[in-house]
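*Asks:* Pasted the sequence and its predicted model underneath.
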Number of protein chains: 2
Amino acid sequence: VNEDNGDFAGSSALPTIQFQPQENVIDLAWGHPAAELLPVNAWQAACAAAAEKFGWQALTYGHPSGPGVLTEWLGEHLGRSDGRRPHVLELFVTPGSSAALDLVSSCLTRPGDVVIVDSPTYHLGLKVLRDRAAELVPAATENGTLDPAGTARLIRHLIKDGRHVAMLYVVPTFSNPSGQTLSAERRLAVADLAAATGVTVVEDDPYHELWYDVQPPPSIWSLGPDAPVIRLGSFSKTVAPGIRLGWLTANRRMVETLKGRGIVRSGGGMNHANALAMAMFCSSAMYASHLTLLRNAYRDRRDTLAAALREHLQDVDFAVPQGGWYLWLKLSDDLASEELVKHAKASGVHFLLGKEFYINGSAENRIRLAYSRCSLSELDEAGHRLMLAVQSARRH
Amino acid sequence: VNEDNGDFAGSSALPTIQFQPQENVIDLAWGHPAAELLPVNAWQAACAAAAEKFGWQALTYGHPSGPGVLTEWLGEHLGRSDGRRPHVLELFVTPGSSAALDLVSSCLTRPGDVVIVDSPTYHLGLKVLRDRAAELVPAATENGTLDPAGTARLIRHLIKDGRHVAMLYVVPTFSNPSGQTLSAERRLAVADLAAATGVTVVEDDPYHELWYDVQPPPSIWSLGPDAPVIRLGSFSKTVAPGIRLGWLTANRRMVETLKGRGIVRSGGGMNHANALAMAMFCSSAMYASHLTLLRNAYRDRRDTLAAALREHLQDVDFAVPQGGWYLWLKLSDDLASEELVKHAKASGVHFLLGKEFYINGSAENRIRLAYSRCSLSELDEAGHRLMLAVQSARRH
């Protein structure tokens, strides 16, 4: 942590980062990494190595689908960690998954098109899709994850009604917000659905490698070699979000489409210098060892918050996620989440309302707790403060 | 220059960068920086300084409109170098101007909207706008630059016809491809046009600081404090394109709109870590001294190519640009540019056809020569090779 601006000429009273702490508040609202888990020295070493290795080539316009050294590493890495090794022509380096979703949806949708979205799903993914003026329609779900058969019926119904169904958006692994993971069977069925209907599945999968107990099933992309699936991968959760870097796997035609977009033809590789630094980070042992460190640290956070909740809050219901950053709490019926959030403010704990993760709100009485950013002692204390908030809400 | 991959585990047979040289060809087609003018060591020092200074804050999600240290520097810098100092709430850090044009046009246009574009103008800017499914309509021009009065009449005519005119796109300073600069009087008239019609002017201005003789007029943005003007600035030409970093100035409402887009709310500051490194680069004396170096080096390139053309090609016509990276040649009527480009290939020189910079081709018989990337000896030799190509074309 370095917050001392000293005599630095570029000091500013204006914010540097997105998260702004509130005094005496334990903030479980933001899905941000813990400060001490960001690899400051290792990333700086990777930057220096890339400058040494690639010289001016790190600073000029980059290859449109990303530098070969990174796409080749990604191919090998995904061959080991996912269900199918992508060909290098099936890989495209992105400036993070938010920008990738923006790019992909701008290729696939026109205003008024239907985009089917998992329900609940990542609230800011919904915002990116809303910026496209797409009409968002919730997927069919069953037992907390997407129901492929019901969703296929929904899509066929919409197509019969003359609608253009452009995409199906899903966060299948340790989902934000629910922490749930789509089973291997359902993944295969989703790939089949894409192949059968021609609707492109956008598989937003930033948490796939952040498993704490058992490895999750292979990606939908890997299970549907002939299906239109685009899988968005990210270095934001496994390395650092500030460097804005990710990747996607898609069929060759889609990758060619992306390479031909004006933004790429004009700007070259979408975050070239950082992609080369990442190639150095990854081709050293850093990526693997950092991932091990993260799994242990975030598992501890998950376990600490889960234990604190069990100790202090007997009547909330939640499943312990096997990876990712979120606990998804179902409150008892007599305790409205909107009421709890008000009292939580006074108790010094902050989180997000479940309804933000649904298209048109929800009857589900839920809240999302992100345990990624806070220390173990804060997470422990958060359980206590939530109990105080519940007690306060019940008194009113 | 470091092209020796040695034993590096991450070596790849696949390309690292966008530009791929062809053997024995002097390539004047790509508007890329010269390798030796990229500040490899200074940028690496800036990255190291940012890591030291900001620690983990450089690696987490960044402030949506860019870190305060960079927006404050930009405010001061533009106050000195442009016609009006932007308020910090009028500034937004972008991941380069290509992405900024994509972002801004995605906010302002719907498919089928009209976008007025200068004629000729940046061909890949046209591609970004085409990706929006906008209908591109050429602006009125006079003596090689945009004619504000004629363009105002055109816009009023289109609006009367029921069209939604979403934007006016112009590269006003040392234009790509023409090298021409819009006069101060016309800039003021363009700002007035924007205020009168409500059509947003997108002023793509990456070359403004690369002047070699006299400083260009103030930006359209600075001349129209109450007009809807968005000025796109870039570090691609003044520092390095591989880091994908730029900025824009716009009114506060537009900046708020950008901060609220899904891509920004989800991903935070659009290229945060690089923005902090740039703050270190700029707040040291590096930016100013590097700009001086660039002005001298690119002025030499311009002068060398212009002299070689005068020596070898008596019957081509061109104006010497006062900045930027391009010479815009008018060929004599008996020498079609499409013919010349074929013979040039055999002579070992490559360039772009003028018609790429017009919406529907052009009757103008022009070619664009980019002098930025080549060495002085290549530029000198390019004049000779162009002469051979002209002679060869005339014989056929």
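*Replies:* On my side now, so go ahead.

*Asks:* Could you count how many residues lie near A:Asp289?
*Replies:* For the record, residue A:289 is Ser, not Asp. The number of residues packed near A:Ser289 is 12, by other C-beta atoms under 10 Å in any protein chain shown. The way it works is simple: take the backbone N, C-alpha and C, and place the C-beta from them, glycine included.

*Asks:* Just say helix, strand or coil for it.
*Replies:* Here A:Ser289 is recorded as helix under DSSP: H, G, I helix; E, B strand; the rest coil.

*Asks:* Not counting its own residues, what contacts stretch A:295-306?
*Replies:* Stretch A:295-306 has contacts (C-beta atoms under 8 Å, 6 or more residues apart in numbering or on different chains) with A:34, A:37, A:210-213, A:318, A:320-321, A:325, A:327, A:369, A:371-372, A:374, A:376, A:379-380, A:382-383.

*Asks:* Out of those, which sit inside helices?
*Replies:* A:376, A:379-380, A:382-383 (DSSP state H).

*Asks:* Drop anything exposed from the residues you listed.
*Replies:* A:376, A:379-380, A:382-383 (16 or more other C-beta atoms under 10 Å in any protein chain shown).

*Asks:* Which stretches in the stretch 151-300 of chain A count as helices?
*Replies:* A:184-197, A:220-223, A:252-260, A:262-267, A:272-283, A:286-312 (DSSP state H, counting those that start in this stretch).

*Asks:* can you redo those as CSV with mean pLDDT?
*Replies:* CSV is the format used below for these (pLDDT from 0 to 100):
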stretch, mean pLDDT
helix A:184-197, 98
helix A:220-223, 98
helix A:252-260, 98
helix A:262-267, 98
helix A:272-283, 97
helix A:286-312, 97
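
*Asks:* taking these together, which one is wrapped up most tightly?
*Replies:* Counting by mean count of other C-beta atoms under 10 Å in any protein chain shown, helix A:272-283 has the highest mean neighbour count of the helices of the stretch 151-300 of chain A, with a mean of 29.

*Asks:* quick revisit: show me which of the ones in helices among the contacts of stretch A:295-306 neighbour chain B.
*Replies:* The subset of those within reach of chain B, by C-beta under 8 Å from any C-beta of the partner chain, is empty.

*Asks:* Which of the residues you listed sits closest to A:Ser236?
*Replies:* A:Leu379 (21.2 Å; C-beta to C-beta).

*Asks:* what's the pLDDT at that closest one?
*Replies:* With respect to pLDDT, A:Leu379 has a value of 98.

*Asks:* quick one: which of the buried ones among the ones in helices among the contacts of stretch A:295-306 is nearest chain B?
*Replies:* If you rank these by distance to chain B using C-beta to the nearest C-beta, A:Leu376 comes first, at 17.5 Å.

*Asks:* In contact with that closest one, which residues are there?
*Replies:* So A:Leu376 contacts A:300-301, A:304 (C-beta under 8 Å, 6+ apart).

*Asks:* repeat that with 6 Å
*Replies:* A:Thr304 (C-beta atoms under 6 Å, 6 or more residues apart in numbering or on different chains).

*Asks:* same thing with the one 3 residues further on?
*Replies:* A:Leu379 is in contact with A:301, A:304-305, A:371, counting by C-beta under 6 Å, 6+ apart.

*Asks:* try 10 Å this time
*Replies:* Counting by C-beta atoms under 10 Å, 6 or more residues apart in numbering or on different chains, A:Leu379 touches A:26, A:28, A:300-309, A:327, A:369, A:371, A:373.
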